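> Sequence first, then the predicted structure, then my questions.
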Amino acid sequence: MSKSFRLYISECLEPEKTLPLTDEQVHYLKNVVKYAPNDKLYCFDNKNGEFLCDIVEQNKKQTLIRVKEQTKPFSPCPDIWLLFCPLKKDKTDFVIEKATELGCRTILPVISQYTNCTSIKIERYMAQSIEAAEQCRRTDLPLIEQPQKLTDILKSWDSSRTLYFMDETLESAPFFDLLQQEKNHKTAILIGPEGGFSEHELTLLRTLPFAKGAMLGPRILRAETAVAAALSCWQLIAGDWR
């Protein structure tokens, strides 16, 4: 029987290779999607693309899959980065999930003056992104960086990458208009915390030649909503939705 579930495999995939699944993957296949020996699944490895695989062995000690033919070549997502200030747990989960689905290549947690979430768990973020990538059928995984202070990020920023910061003061140009004027393929989007950027941070951002303030419509959005809106706008105009 053929099934459409999909797994990320950390080892390199190639035809006729046999690999064991992790305990977590076995639990998922057995208890969630009800797999059985000889069922088929799709796997990707963040390097060689997606492959059709067979479940060839199942016992109490391990479950093995055998890699068959490639079904999708490896295709990295566009070079768009998301910088966001971590939120409460469920909201951050939403941000990681949607950033992965919307094709972010890099996700960077940012500590700003008003960031009010002190529990930053990169391993959890990575698990969330893997699950989202499995569901949305992308063949790569976003790189999730360690959290950094906003001031430190700005000091070491590569000026060839445009940084659009979402301006909750509504004093900047519309993001849609800015993207139509300059479609830089090396782009980053910065979303502030629930309390917004401080006056000092806004002043600093507005003085940097590589940073541009942007407005997401006439209404102030929640941080997690702004993430989905900004990434959707970028993908529509400059990304791979075209």
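Sure, I can see it. Residues are numbered from 1 along each chain as shown.
> buried sites along the helix or strand harbouring Val56?
Val56 is part of strand 50-58, with elements assigned from DSSP states H and E. By 16 or more other Cβ atoms under 10 Å, the buried positions in strand 50-58 come out as 50-55, 58. In this view, the C-beta of every residue, glycine as well, is placed from N, C-alpha and C.
> quick one: the strands in the chain?
2-8, 18-20, 40-44, 50-58, 63-72, 80-84, 106-111, 143-144, 148-149, 162-166, 187-191, 211-214 (DSSP state E).
> In terms of distance to Ser129, which of the buried residues of strand 50-58 ranks first?
Glu50 (16.6 Å; Cβ to Cβ).
> I'd like to know the beta-bridge partner residues of that closest one.
Taking DSSP bridges, one obtains Phe44, Lys72 as the residues bridged to Glu50.
> tell me the contacts of it?
The contact partners of Glu50, taken as Cβ atoms under 8 Å, 6 or more residues apart in numbering, are 6, 42-44, 70-72, 137, 139.
> Mean pLDDT lowest where, among the strands of the chain?
Among these, strand 2-8 carries the lowest mean pLDDT, a mean of 77.
> what angle do that strand and strand 63-72 make?
With axes from the mean of the first three to the mean of the last three Cα atoms, to 10 degrees as the basis, strand 2-8 and strand 63-72 are set at 90 degrees to each other.
> List the neighbouring strands of strand 2-8 plus their orientation.
strand 40-44 (parallel).
> so where's the protein shaky on pLDDT?
Low-confidence segments of the chain (pLDDT under 70): 1-3.
> mind checking how far the residue nearest the centre of the chain is from Lys149?
By Cα atoms, centre = their mean, the chain has its centre lying nearest to Thr100, at 2.9 Å. Distance from Thr100 to Lys149, counting by Cβ to Cβ, to the nearest Å: 24 Å.
> cool, Ala223 as well?
18 Å.
> Looking at these two, which is more packed in?
More neighbours surround Ala223 than the other of Ala223 and Lys149, with 22 against 13 (other Cβ atoms under 10 Å).
> how many other residues sit next to Pro37?
For Pro37, the tally of surrounding residues (other Cβ under 10 Å) stands at 12.
> now the helices for the protein?
Using DSSP state H, the helices assigned to the chain run over residues 23-31, 89-101, 122-136, 150-155, 175-181, 199-207, 223-237.
> Contact partners for the residue nearest to Ser159 when sequence neighbours are not counted?
Nearest in space to Ser159, with sequence neighbours left out and distances taken as Cβ to Cβ, 6 or more residues apart in numbering, is Phe210 at 4.4 Å. For Phe210, the contact set (Cβ under 8 Å, 6+ apart) comprises 157, 159-163.
> Could you list the domains of the chain?
2-72, 80-237 (automatic domain parsing).
> highest average neighbour count across these?
Among these, ranked by average contacts under mean count of other Cβ atoms under 10 Å, first place goes to domain 80-237 (a mean of 17).
> okay, how far is it across that domain, tip to tip?
End-to-end distance of domain 80-237 (Cα to Cα, to the nearest Å): 12 Å.
> Next, Glu182: phi, psi?
phi -140, psi 100 (degrees, to the nearest 10).
> Repeat that for Gly103.
Per degrees, to the nearest 10, the backbone of Gly103 is at phi 90, psi 30.
> Correct me if wrong: it contacts Ser75.
No. Using Cβ atoms under 8 Å, Gly103 makes no contact with Ser75, being 10.4 Å away.
> Mind listing the residues bridging to Leu108?
On the basis of DSSP bridges, Leu108 is bridged to Leu83.
> any idea how far Tyr35 is from it?
When Leu108 is compared with Tyr35 (using Cβ to Cβ), they lie 36 Å apart.
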